[in-house]
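[1] Model the following, please.
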Amino acid sequence: MSEAVIAEAGAADLQSLPVPKYFPAATVRAEDVDTFRSVEDKDVRKSLAVTQVPMPELAPDEALVAVMASSVNYNTVWTAMFEPVPTFQFLKQMGKAGGWEARHDLPYHIVGSDAAGVIVRTGSSVRRWNVGDHVVISPAYVDEQDPDTHRDGMLGEGQKAWGFETNFGGLAHYAIVRASQLMPKPAALSWEEAAVNPLCASTAYRMLVSERGARMKQGDVVLVWGATGGLGAYAVQLVLNGGGIPVGVVNSAEKAELLRSLGCEAVINRSDVEEGDPTLLQQPEGWKRMGRAIRDVVGEDPHIVFEHVGKKTFAASVFLARRGGTIITCGSSTGYEHLYDNRYLWMRLKKIIGSHGANLHEQWEVNRLFALGQLVPALSRTYTLDDVGAAARTVQTNQHIGKVGVLCLAPRPGMGVTDPEARSRIGEERLHAFRR
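    Next up is the predicted model:
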């Protein structure tokens, strides 16, 4: 089967071939959850391993996808560090639900919340998708029988992050996904270019553009922390597309130059603000310095602060947003416990909005933007599945730019483009912006 997928076999051939009984997957093991107890450097290369795992049975509403490429998100790092809690707690909770959910409670966890590949099997109740379809995967794993899901997929109590709070994720040769996670792969993109987008790009879209987020409008000044990271790289593009003014915060001259090449003219190197003191942005003096730096480049305070760093920047974010402004937050990569001066929130009529992932409609809207070439992948480097530990370590230590891709079944980069004319219209220079 794997050889046939790589050789771009047709649907009839794929349907006629048996699926493998075992396949390689990036996993962590329940027996290793205490590996990093009292260890300062929780090196994920010690806990992530590629092992042969048995093929799970397919539920009626699921598809089996041969994964050509995937990517590393920060939730993969959390899983491999067993923090803030071991993800086996999520899998055990799923198992208690019984039925098809019981399959997820295993002594190993197949990780990965992004993927692009080829459908090789569909469950009996799958209607809109067929064997042979090229797809990308939304990480939003929702309970379609929860009434709140029909209000907004992210509100349902059973909503989970696929490959983080569920098993059978995307860093593997095969992945199990619900039909409600499937989207058509943009034909102009290679497998690895398509794989790195779904989680981060859709999260940024919901935060900035969706009616459930900050509702950015033309002319809005948007402060983007980590503006060349996985989330920030898409946020900057969305702000520019929507007629806003991104102010990108980075930590090196190289990253500043990349931002300018994307069209972001207002760039702040946080090293210039901190002047050797990495704790300064957690202090009022640091907030004020950053505020002056923002006004120096755009002349005014931000309408919106795009917040995902957490503990190290949140107090600054609350201070920096203008009177009546918005702090939109989707995560806390440096810590969940936020301390800030509440006077700057209530007395200046600011608001904090929590945002998590994206529902399927928002995912499709973002996917369309990639198909049109209005967004470009933030792919900077590609690893093989065998080197997934090194790939995750790069993200863990913040040594990366944009997104880190992982080839799974694809034997080399650049495969999977089915519309070269559309690719030519977008332009190789734009598509390779983060790989310079």
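[2] Phe107: how many residues sit nearby?
    Not quite, residue 107 is Pro, not Phe. Using other C-beta atoms under 10 Å, the number of residues around Pro107 comes to 10. C-beta: built from backbone N, CA, C; applies to glycine.
[3] So for it, what's the pLDDT?
    At Pro107, the predicted lDDT confidence score is 98.
[4] Show the contacting residues for it.
    The contact partners of Pro107, taken as C-beta atoms under 8 Å, 6 or more residues apart in numbering, are 29-31.
[5] State the distance from it to His173.
    Pro107 sits 20 Å away from His173, going by C-beta to C-beta, to the nearest Å.
[6] before we move on, back to that, please list the members of the contacts of Pro107 that lie in helices.
    In helices, defined here by DSSP state H, there are no members of those.
[7] Pick the one among those residues closest to Glu421.
    Nearest to Glu421 among those: Arg29, at 46.4 Å, using C-beta to C-beta.
[8] count of residues packed around the residue lying closest to the closest one once chain neighbours are set aside?
    Nearest residue to Arg29, sequence neighbours excluded (C-beta to C-beta, 6 or more residues apart in numbering): Tyr108, at 5.3 Å. Number of residues near Tyr108 (other C-beta under 10 Å) recorded here: 18.
[9] picking that back up, buried only: go through the contacts of Pro107 for me.
    29-30 (16 or more other C-beta atoms under 10 Å).
[10] Among the contacts of Pro107, which one lies nearest to Ala378?
    Closest approach to Ala378 among the contacts of Pro107 (C-beta to C-beta): Arg29, at 30.8 Å.
[11] In contact with that closest one, which residues?
    Arg29 sits next to 47, 49, 107-109 when contact means C-beta under 8 Å, 6+ apart.
[12] what ranges do the helices span in the stretch 251-400 of the chain?
    Using DSSP state H, counting those that start in this stretch, the helices of the stretch 251-400 of the chain run over 253-262, 270-274, 284-298, 314-320, 343-346, 360-372, 388-396.
[13] How about the stretch 51-200 of the chain?
    Counting by DSSP H, counting those that start in this stretch, one finds helices in the stretch 51-200 of the chain at the ranges 74-81, 88-96, 191-195, 198-208.
[14] tell me the contacts of Leu281?
    Per C-beta under 8 Å, 6+ apart, neighbours of Leu281: 270, 273-274, 287, 290, 312-313, 316.
[15] Report how many residues lie close to Asp89.
    Careful, residue 89 is Gln; it's not Asp. Neighbourhood size, Gln89 [other C-beta under 10 Å]: 12.
[16] Dump the contacts of Arg29 to CSV, plus distance to Pro420.
    Shown next, in CSV, are the contacts of Arg29 (distance: C-beta to C-beta, whole Å):
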residue, distance to Pro420
Ser47, 41
Ala49, 38
Pro107, 45
Tyr108, 40
His109, 38
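[17] So which of these sit within strands?
    Applying DSSP state E to the contacts of Arg29, the entries found in strands are 49, 108-109.
[18] can I get those residues in a markdown table with distance to Glu421?
    Below are the ones in strands among the contacts of Arg29 laid out as a markdown table (distance: C-beta to C-beta, whole Å):
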| residue | distance to Glu421 |
| --- | --- |
| Ala49 | 42 |
| Tyr108 | 43 |
| His109 | 41 |
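[19] Just name the closest of those residues to Asp13, please.
    Proximity of those to Asp13 (C-beta to C-beta) peaks at Tyr108, which lies at 31.2 Å.
[20] these two touch, right, that closest one and Asp32?
    No: the pair Tyr108 / Asp32 is not scored as a contact, 9.7 Å apart, by C-beta atoms under 8 Å.
[21] Assign a three-state SS to Trp246, would you?
    Quick fix: residue 246 reads Pro, not Trp. Of the three states, Pro246 takes strand under DSSP: H, G, I helix; E, B strand; the rest coil.
[22] Excluding residues flanking it in the chain, which one is nearest Thr122?
    Ala63 (5.0 Å).
[23] count of residues packed around the one you found?
    What Ala63 shows, counting by other C-beta under 10 Å, is a neighbour count of 26.
[24] For Val120, give its distance to Pro186.
    From Val120 across to Pro186, the span is 20 Å (C-beta to C-beta).
[25] what helix or strand is Pro231 on?
    No Pro there; residue 231 is Leu. Per DSSP states H and E: Leu231 is located in helix 230-241.
[26] Alpha carbons of that helix, in CSV - could you do that?
    Included here for helix 230-241 are C-alpha records, laid out as CSV according to Å, rounded to 0.1, in the frame of the first residue of the first chain:
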residue,chain,number,x,y,z
GLY,A,230,4.4,29.2,13.6
LEU,A,231,1.5,31.4,14.6
GLY,A,232,3.0,34.8,14.1
ALA,A,233,4.0,34.1,10.5
TYR,A,234,0.4,33.5,9.5
ALA,A,235,-0.9,36.4,11.7
VAL,A,236,1.4,38.9,9.9
GLN,A,237,0.1,37.7,6.5
LEU,A,238,-3.6,37.9,7.6
VAL,A,239,-3.1,41.4,9.0
LEU,A,240,-1.6,42.6,5.7
ASN,A,241,-4.3,40.9,3.6
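[27] Check which residues of it are buried.
    Using 16+ other C-beta under 10 Å as the test for burial, helix 230-241 gives 230-240.
[28] Ok, stretch 93-104 next?
    Buried positions in stretch 93-104, judged by neighbour count with 16+ other C-beta under 10 Å: 94, 100-101, 103-104.
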